[in-house]
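S.K.: need the 3D shape of this:
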Amino acid sequence: MSFTVSERALIKRVNRKLEPRAHLLRKTRDGVCTRQDLGRFYVIDCYRNFIVYTHVGIESFARELGALADDEILGDA
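M.R.: Numbering: from 1, shown residues only. Okay, here's the model as predicted:
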């Protein structure tokens, strides 16, 4: 049995995991041309003010961080 986690809840979980590193997961806005450059999700470093990762796959990234358990899946947004 798998449990569904909303995109919003997953973003919050990931940001709690990234907080000690002063990193933050961000989502590009709809219709913004920078989505081609950054992807739908990207990670920024809050102290140094630069982009750390682009084109982040939120579900796999969350699993790597331990923010999403094996029996959880990302639900429709």
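S.K.: now do the lowest-mean-pLDDT helix or strand in the chain: distance to the chain's middle.
M.R.: Across the helices and strands of the chain, the lowest-confidence element by mean pLDDT, DSSP states H and E is helix 35-38, at a mean of 81. Distance, stretch centre to chain centre, for helix 35-38: 15 Å (Cα atoms, centre = their mean, to the nearest Å).
S.K.: residues of it that come out buried?
M.R.: Neighbour-count burial for helix 35-38, with 16 or more other Cβ atoms under 10 Å as criterion, is recorded at 35, 38. C-beta: built from backbone N, CA, C; applies to glycine.
S.K.: quick one: mean pLDDT for the helix or strand that that helix is followed by?
M.R.: Using DSSP states H and E, the next helix or strand after helix 35-38 towards the C-terminus is strand 41-45. For strand 41-45, mean pLDDT is 96.
S.K.: would you list the phi and psi of Lys27?
M.R.: Phi and psi for Lys27, reported as degrees, to the nearest 10, are phi -120, psi 130.
S.K.: okay, now the unreliable bits of this structure?
M.R.: Along the chain, the model assigns pLDDT under 70 to residues 32-33, 77.
S.K.: show me where it has its strands.
M.R.: 3-5, 23-27, 41-45, 50-53, 72-74 (DSSP state E).
S.K.: buried set for the last one?
M.R.: If I follow you right, that is strand 72-74. Residues of strand 72-74 classed as buried by neighbour count (16+ other Cβ under 10 Å): 72, 74.
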